[in-house]
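> kindly generate the corresponding structure for this input.
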Amino acid sequence: MARSESHALDKHGHFISADTDEKTTLEKLLDVVERVGNRVPHPVVIFVLLIGLVIVLSQLLYWAGASVTYEAVNPETHQIENVTTGVRSLLTTNGVRFMYSGIVQNFMNFTAVGVIIVAMLGVGVAESAGLVQALIRKLVVVAPPKSLTYILVFIGIVSSIAADAGYLVLIPLAAAAYLSVGRNPLAGLAASFAGVAAVFTVNILVKPLDAILTGITNDAISLVRPGETISLTANLWFSIASVVLLTGVVGFISDKVIEPRLGPYTGTPPAEEMPASATVTTEESRGLRYSGWALLGLLAVFALLTLLPGAPLRNPDTGSIVTDSPFMNGLIVFIALAFLVAGAAYGIGAGTMKSSVDVIKAMEKAIAGLGGLIFLLFVISQFNAFFTYTNMATLAAVKLGDWLEHAGLGALPLLIGFIFVVGALDLIMTGAIPKWAIFAPIFIPLLMRLGVEPAAVLAAYRVGDSPMNAVSPLNAYFGLIVSFAMKYDPKAGVGTVIALMLPYVAVLFILWPILLGLWHVFGIPWGV
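Model (predicted):
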């Protein structure tokens, strides 16, 4: 976008043109979204208000006798059962008891807390040692500047193999990488967040989530064709094509829409995230070599624990490394160890760490910095538990599914409509697994009767379940992304992040369903 010679700074420290007519309609719309969104209260206040709303609604719907009957997969028996679910009030005797006595357990059951703490034990060492900054500089040196965005987006998409590691590691690294080459760090944050969150359910590799979604799908298939199943790789070809297409799409939006809107970065970033130059020093090179050797050693250890027949990190019953194996279930531990070992080795090689005391101090510093986020997750955990207890999310899912089923649409329109229903529900029910457990028994039998493969329905679910993750405040890591943004723009808020991510969400909800529709129309195999 062309800019005049006269510039001023807006309240976020971004360049603005003296001639406001130079802004496009889209930029003006996103500015409005940002201003409105930034007037939203602190995320903690939002979730406290939502808890109050859930309490009131649960009582009103309880008085109204709201309930639904549907077929669902029993997670213990894996059988399809008719289930009648009614709204439970949080103001009844049992509801009050649940709210009072479950607070600690609700927090303990919120897995995002444990994932963050474990991951940061390793990531904190790597950051304090200087490994992250050195890797950024190395990346900047070897990566052509024009491809940096696309590389970061691709890594973000593939990072879903490690569950939530992309949120914790890649997003802050991408922001710092942009800053190191003189680009706006918020643009790097947006590009990587879109890759990690908005394209979460597909990958070029098989990941743990695939095993769970496939199992639920096979249980639903048995309603129509007992004994028929699909494999873990039933969506592999579609997933790979999606990764290739969306890497290009997200990268293009980042470079052509997001970064021009943000303009040059003029704020003051944290001192530790301002690389002095894009070159790698002799000490850093030695540290990177030590880090590489240490990482190879760790990989060798895990190869012995995983690859050999009967290895302890394989599934003890099937021998699988991917499906319900200790290795995949504890993958975040492997990631934390990788950063810990690599970070400590780098510190020794580069001279930034002298002893084990330095390593321990780095861990303590990382955990201490999570105080505000842990408090936010505590509040979110209570909201999630209360909302789940009321069964209101189940009622919403079933009602939306019934409406779509009886709309009298053909197979393809029904698939596309299903995508948007899943996307809408993702705003209030972000978990991929519980939504699929409800939707699969409804839509797989329905679409199979219309000649649609079960793999196609699962692919449609992947498309619908991903994009809204980038704008849903109920995403467990949304508050973390806001905090990352505030490091570079202290006045950033919920609206800032939502305004950054809306272009991605809008375009993905257009192009990704088109890809799925073409795949279905031309009968391309979904996987193997």
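> mind saving the C-alpha coords of the helix or strand containing V158 as PDB?
Using DSSP states H and E, V158 maps to helix 148-158. The C-alpha trace of helix 148-158 is given here as PDB (Å, rounded to 0.1, in the frame of the first residue of the first chain):
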ATOM      1  CA  LEU A 148      10.700 -16.500   5.800                       C
ATOM      2  CA  THR A 149       6.900 -16.100   6.200                       C
ATOM      3  CA  TYR A 150       6.100 -19.300   4.300                       C
ATOM      4  CA  ILE A 151       8.800 -21.300   6.300                       C
ATOM      5  CA  LEU A 152       7.300 -20.100   9.600                       C
ATOM      6  CA  VAL A 153       3.700 -20.900   8.500                       C
ATOM      7  CA  PHE A 154       4.700 -24.400   7.400                       C
ATOM      8  CA  ILE A 155       6.500 -25.100  10.600                       C
ATOM      9  CA  GLY A 156       3.400 -23.800  12.500                       C
ATOM     10  CA  ILE A 157       1.100 -26.200  10.700                       C
ATOM     11  CA  VAL A 158       3.400 -29.200  11.100                       C
END
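> helices and strands around it, which ones?
With contacts taken as 3 or more CB pairs under 8 Å, 6 or more residues apart in numbering; DSSP states H and E, helix 148-158 sits against helix 131-142, helix 171-180, helix 185-193, helix 236-253. C-beta: built from backbone N, CA, C; applies to glycine.
> tilt between the second one and helix 185-193?
Read that as helix 171-180. Counting by axes from the mean of the first three to the mean of the last three CA atoms, to 10 degrees, helix 171-180 lies at 140 degrees to helix 185-193.
> what about the nearest residue in space to S483 that is not next to it in sequence, how many neighbours?
Leaving aside its sequence neighbours, S483 sits nearest to L373 (CB to CB, 6 or more residues apart in numbering; 6.5 Å). Close neighbours of L373, defined as other CB atoms under 10 Å, add up to 18.
> and L373, which helix or strand is it part of?
With elements taken from DSSP H and E, the one containing L373 is helix 371-390.
> same question for M328.
helix 326-329.
> with G523 instead?
Going by DSSP H and E, G523 is not part of any helix or strand.
> okay, now it: neighbour count?
Counted with other CB under 10 Å, the neighbours of G523 add up to 8.
> helices of the stretch 351-500 of the chain, start to end?
Per DSSP state H, counting those that start in this stretch, the stretch 351-500 of the chain carries helices over the ranges 356-368, 371-390, 392-405, 411-425, 432-449, 454-465, 478-488, 494-521.
> same question for the shortest one, mean pLDDT?
Averaged over helix 478-488, pLDDT sits at 86.
> what packs against that helix?
Secondary elements touching helix 478-488 (3+ CB pairs under 8 Å, 6+ apart): helix 43-64, helix 171-180, helix 185-193, helix 371-390, helix 494-521.
> now do the longest one, average pLDDT.
Averaging pLDDT along helix 494-521 gives 92.
> which residues does the helix holding L373 contact?
43-44, 47-48, 50-51, 54-55, 57-58, 61, 87-90, 95, 98-99, 102-103, 106-107, 109-110, 112-113, 116, 393, 428, 474, 476, 479-480, 483 (CB atoms under 8 Å, 6 or more residues apart in numbering).
> just give the closest residue to G188, not the sequence neighbours.
Y178 is the one closest to G188 (CB to CB, 6+ apart), at 3.1 Å.
> can you tell me the centre-most residue of this structure?
Closest to where the C-alpha atoms of the chain average out (CA atoms, centre = their mean) is A197, at 3.3 Å.
> what is the burial count for V244?
Count around V244 with other CB under 10 Å applied: 13.
> I'd like the distance between it and I171.
Per CB to CB, to the nearest Å, V244 is found 22 Å from I171.
> ditto for T268
From T268 to I171 the distance is 20 Å (CB to CB).
> these two: who's more crowded?
Ranked by neighbour count (other CB under 10 Å), T268 and I171 place I171 first, with 27 against 10.
> can you pull the pLDDT of the closest residue to the more buried one other than its chain neighbours?
Taking CB to CB, 6+ apart, and ignoring the residues beside it in sequence, I171 has S192 as its nearest neighbour in space, at 4.8 Å. Each residue has a pLDDT score; the one for S192 is 92.
> T85: which element?
Element membership for T85, per DSSP H and E: strand 80-86.
> give me the contact list for that strand.
Counting by CB under 8 Å, 6+ apart, residues outside strand 80-86 touching it are 62, 65-74, 219-220, 222-223, 391, 394-395, 398, 441.
> beyond that strand, next helix or strand please.
helix 93-101.
> which other helices and strands contact that following helix?
helix 371-390.
> then the helix it packs on to CSV, C-alphas only?
Extracted in CSV, the C-alpha atoms of helix 371-390 (Å, rounded to 0.1, in the frame of the first residue of the first chain):
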residue,chain,number,x,y,z
GLY,A,371,2.1,-16.3,37.0
GLY,A,372,-0.4,-14.2,35.1
LEU,A,373,-1.1,-16.8,32.5
ILE,A,374,-1.6,-19.5,35.2
PHE,A,375,-4.2,-17.3,36.9
LEU,A,376,-6.0,-16.8,33.6
LEU,A,377,-6.0,-20.5,33.0
PHE,A,378,-7.4,-21.1,36.5
VAL,A,379,-10.4,-19.0,35.7
ILE,A,380,-10.8,-20.6,32.2
SER,A,381,-10.7,-24.0,33.8
GLN,A,382,-13.6,-23.2,36.1
PHE,A,383,-15.7,-21.8,33.1
ASN,A,384,-15.0,-25.0,31.1
ALA,A,385,-15.9,-27.2,34.0
PHE,A,386,-19.1,-25.3,34.8
PHE,A,387,-20.2,-25.1,31.1
THR,A,388,-19.6,-28.8,30.6
TYR,A,389,-21.5,-29.7,33.8
THR,A,390,-24.6,-27.9,32.5
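> could you pull out the buried residues of it?
For helix 371-390, the neighbour count (16 or more other CB atoms under 10 Å) marks 373, 376-390 as buried.
> check stretch 241-250 too.
Buried residues in stretch 241-250, counting neighbours by 16+ other CB under 10 Å, are found at 241-243, 245-247, 249-250.
> could these go into a markdown table alongside distance to G122?
Shown next, in a markdown table, are those (distance: CB to CB, whole Å):
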| residue | distance to G122 |
| --- | --- |
| A241 | 33 |
| S242 | 30 |
| V243 | 26 |
| L245 | 33 |
| L246 | 29 |
| T247 | 27 |
| V249 | 32 |
| V250 | 27 |
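> which stretch among the helices and strands packed on helix 478-488 comes nearest R286?
Of all these, it is helix 171-180 that lies closest to R286, at 20.5 Å by CB to CB.
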